[in-house]
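J.: can't give you the sequence, but here's the structure:
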């Protein structure tokens with residue numbers, strides 16, 4: 001007598017469910033990690049750039065540009081700027097310089113500037129391009 005109709009019970013293949021789940025979880029983690037890096041860890045200036053201490057006179061939030069959107073109004077990009085005075089090689093400088101990265105959330109920048117109560121600032125400039133000046137507010 002033959003058992004040609006008897007077949008082994010097939011196991012459920014968890015790999016077909018596990019692989020897409022891992023891919024989706026890693027994509028979500030990558031998106032969250034990139035936002036965290038952009039907002040909290042990424043430095044706007046290189047610590048190897050020369051710097052000098054300066055004083056902040058006032059701050060403002062300026063519109064840098066927009067990101068066009070297909071089916072809704074564009075996203076506005078903002079940046080905080082600081083009016084600073086500092087001396088470099090005996091020359092007095094008085095200028096508006098960038099003090100933050102580019103953000104799309106104006107209320108976040110307002111809160112971020114509110115936290116910077118000190119009038120002290122570090123003024124960094126790019127040694128390859130001295131007109132590229134940035135302020136780090138305390």
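T.: Cool, the structure landed. Quantities reported herein were computed from a predicted structural model and do not represent experimental measurements.

J.: Tell me the strands beside the helix or strand encompassing residue 121, with direction?
T.: When elements are assigned from DSSP states H and E, residue 121 belongs to strand 120-126. Using DSSP bridges, the strands paired with strand 120-126 in its sheet are strand 51-67 (antiparallel), strand 129-137 (antiparallel).

J.: Buried by neighbour count: which residues of stretch 78-98 qualify?
T.: By neighbour count with 16 or more other C-beta atoms under 10 Å, stretch 78-98 contains the buried residues 78, 79, 80, 81, 82, 83, 84, 86, 96, 97, 98. Any C-beta I mention is one placed from the backbone N, CA and C, and that applies to glycine too.

J.: can I get those residues in JSON lines with secondary structure?
T.: Formatted as JSON lines, those follow (DSSP: H, G, I helix; E, B strand; the rest coil):
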{"residue": "78", "secondary structure": "strand"}
{"residue": "79", "secondary structure": "strand"}
{"residue": "80", "secondary structure": "strand"}
{"residue": "81", "secondary structure": "strand"}
{"residue": "82", "secondary structure": "strand"}
{"residue": "83", "secondary structure": "strand"}
{"residue": "84", "secondary structure": "strand"}
{"residue": "86", "secondary structure": "strand"}
{"residue": "96", "secondary structure": "strand"}
{"residue": "97", "secondary structure": "strand"}
{"residue": "98", "secondary structure": "strand"}
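
J.: Many thanks, we can stop here.
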